[in-house]
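Undergrad: below is the sequence, then the predicted model.
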Amino acid sequence: MITKRISENQIEYNKNLIKKYPFLARGIYDYDTKEYEFTWLDDLEPGWRIAFGKNLCEDLAEALKQDGCEDSFQFLQIKEKYAELRLYYMGGGDATRECIHKYEELSKYICGHCGKLATKITSGWYYPLCDDCSKEVHSTFTDIANFYSFNSYDDIIAEVEHIKTNYKYGDYWQPLK
Ligand SMILES: [Zn+2]
């Protein structure tokens, strides 16, 4: 017998989500509801999912269409590393890469807990948090502008706006030294 860990509503929600965005499917299972227990979106930090989960899905669907890679694209792993989102995948072309990198870059400035603009990065284990969420975490912090070598917090706000509206992979790509 399979113990259901999530509600029927949640399964229905995930089912619709995967119907709309097939790349969110976690894999094929033998029994009928299991495959809808989780989607790849569940691996996003909660704040990131709130802030840009929907946009990521919409943009990625569009990018895959553009690249003609809707059937071959597959996520391999989604995680947080060094205070930013890492999306590992196979398949996809230039538009896909552009889209993936855009959201990895954006995540650096978004609170992983609530989705507001981050103001701090935790020390040791790097993680972006806003003022409110940082109060609930036992850590020391680095100011986010310092952490990313910006002059002021206004520059962070401008950077976030730039990524959202005018992101180009080429502007951020750096050759290995
Ligand atoms: Zn927060």
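TA: Yep, it's here.
Undergrad: name the helix or strand for Asp154, please.
TA: Applying DSSP states H and E as the criterion places Asp154 in helix 153-166.
Undergrad: which residues does Phe75 contact?
TA: 23, 40, 87-89 (CB atoms under 8 Å, 6 or more residues apart in numbering). C-beta here means a position set from N, CA and C on the backbone, and glycine is covered the same way.
Undergrad: what is the nearest of those residues to the ion?
TA: Ranked by distance to the ion (CB to the ion), the contacts of Phe75 are led by Leu87 at 21.3 Å.
Undergrad: what bridges to that closest one?
TA: Ile78 (DSSP bridges).
Undergrad: chain center to the helix or strand bottoming out on mean pLDDT in the chain: distance?
TA: The weakest-scoring helix or strand in the chain, judged by mean pLDDT, DSSP states H and E, is helix 169-172 (a mean of 84). Centroid separation for helix 169-172 versus its chain: 18 Å, with CA atoms, centre = their mean, to the nearest Å.
Undergrad: run through the neighbouring helices and strands of that helix.
TA: helix 94-107 (3 or more CB pairs under 8 Å, 6 or more residues apart in numbering; DSSP states H and E).
Undergrad: and which of the contacts of Phe75 is nearest Ile6?
TA: For the contacts of Phe75, the closest approach to Ile6 (CB to CB) belongs to Trp40, at 15.4 Å.
Undergrad: show me what the strand or helix carrying Tyr89 is packed up against.
TA: Under the criterion of DSSP H and E, Tyr89 resides in strand 84-90. In terms of contacts (3+ CB pairs under 8 Å, 6+ apart), strand 84-90 is packed against strand 74-81, helix 94-107.
Undergrad: how about these, which one is nearest the ion?
TA: helix 94-107 (13.2 Å).
Undergrad: follow-up on the earlier one: please work out which of the helices and strands packed on strand 84-90 is packed deepest.
TA: Of all the helices and strands packed on strand 84-90, helix 94-107 has the most neighbours on average by mean count of other CB atoms under 10 Å, namely a mean of 20.
Undergrad: average pLDDT across that one?
TA: Taken as a whole, helix 94-107 carries a mean pLDDT of 97.
Undergrad: what pairs with the next helix or strand after it, parallel or antiparallel?
TA: Per DSSP H and E, the first helix or strand lying C-terminal to helix 94-107 is strand 120-122. Strand 120-122 pairs in its sheet with strand 128-129 (antiparallel), strand 141-143 (antiparallel), by DSSP bridges.
Undergrad: this protein against the ion: which residues are in contact?
TA: Proximity of the chain to the ion is confined to 111, 113-114, 116, 130, 133 under the rule CB under 5 Å from the ion.
Undergrad: let me have those in CSV, adding neighbour count and distance to Leu60 as columns.
TA: Output for the residues of the chain next to the ion, formatted as CSV (neighbours: other CB atoms under 10 Å; distance: CB to CB, whole Å):
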residue, neighbour count, distance to Leu60
Cys111, 25, 22
His113, 21, 23
Cys114, 15, 23
Lys116, 16, 23
Cys130, 20, 26
Cys133, 20, 27
